[in-house]
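Novice: Any chance you can model this:
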Amino acid sequence: MKKLFVVLFLGLIFNIYAVFQYEVVESPVAGAWDDGGDDNGIYGHAFTIRVTEGEGSIYIVDRIDSLYGGNKELLSLRVAMDSVNNYGWVDVNTGMSYSATGNTVVLYSASMGAYQEVVTQTGYELGHFSAGDEIGVWLRPMDRNYTGASVFAKDNPINSQQMNYREGYAGIDMLGNVYHQLDFKNDGAIFLGVYGVESLPTGQPLPGVVTTFALGLCGFGVFGKNKRKKK
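Specialist: As a prediction, the model looks like this:
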């Protein structure tokens, strides 16, 4: 009886917590200049966001360099995030690009002291996705008429000739979140994190991101496997 209770209890925990799962997947092969044709390649490692279970919303989020203020890598400083014409997602299976929803969420907002700047991390919703979906991220640098994405070579129209470099794993910010990189020739690097929220009739986004790092799963580097939990 006790053994049966333990099994049922563990099964209940699994059903409650293993609901919306996604992972950031980095290509194990670095880009070359001739990918997709001469001078169509993009250096660095392409990356995608793959939903492995459940359904929910995927956000791109600010990189936070300092909890004391002075953050110069916020997405809104590098991209006009007030317009969905400037960021969105790419369907890996079809190659089609789409604008984001325009919805936002504040994931962190705090000051380290009475005289310190309030530091805020904002998430920008790309869209709603379900198990089996795999997407890339595209951005348009501030005041530019060109775009670049985390996937595909320059033979895909979402990647302009200005798209120079990208990296699936670019570091960990001060909030403990893995961040990723898109780099443009005349604009430099733009950094972003990834955050997921389970679809529920009620409830609010859960703070923080659970991240693991591993290599070699299905021929890719999977370093951002995340779970969104019910309250």
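Novice: now the residue nearest the centre of the chain: how far from residue 168?
Specialist: Against the mean C-alpha coordinate of the chain, by CA atoms, centre = their mean, the closest residue is residue 194 at 2.8 Å. Here the distance between residue 194 and residue 168 works out to 10 Å (CB to CB, to the nearest Å). C-betas here are computed from N, CA, C, even on glycine.
Novice: so what's in contact with these two at the same time?
Specialist: Residues within reach of residue 194 and of residue 168 at once, by CB atoms under 8 Å, 6 or more residues apart in numbering, are 24, 180.
Novice: Pull out the buried positions in the helix or strand the residue nearest to the centre of the chain falls within.
Specialist: When elements are defined using DSSP states H and E, residue 194 is found to belong to strand 188-198. Within strand 188-198, the residues scored as buried using 16 or more other CB atoms under 10 Å are 189-198.
Novice: Check stretch 77-88 too.
Specialist: By neighbour count with 16+ other CB under 10 Å, stretch 77-88 contains the buried residues 78-79, 81, 84, 86-88.
Novice: start to end distance for that stretch?
Specialist: Terminal residues of stretch 77-88 are spaced 17 Å apart (CA to CA, to the nearest Å).
Novice: Now tell me what touches that stretch from outside.
Specialist: 60, 75-76, 97-102, 122, 124, 126-127, 137-143, 187, 190.
Novice: How far away from the center of its chain is it?
Specialist: For stretch 77-88, the distance between its averaged C-alpha position and the chain's averaged C-alpha position is 15 Å (CA atoms, centre = their mean, to the nearest Å).
Novice: Only the buried residues of the helix or strand hosting residue 109, if you could.
Specialist: Secondary-structure assignment from DSSP H and E places residue 109 in strand 104-110. Taking 16+ other CB under 10 Å as the basis for neighbour counts, the residues of strand 104-110 that come out buried are 104-105, 107-108.
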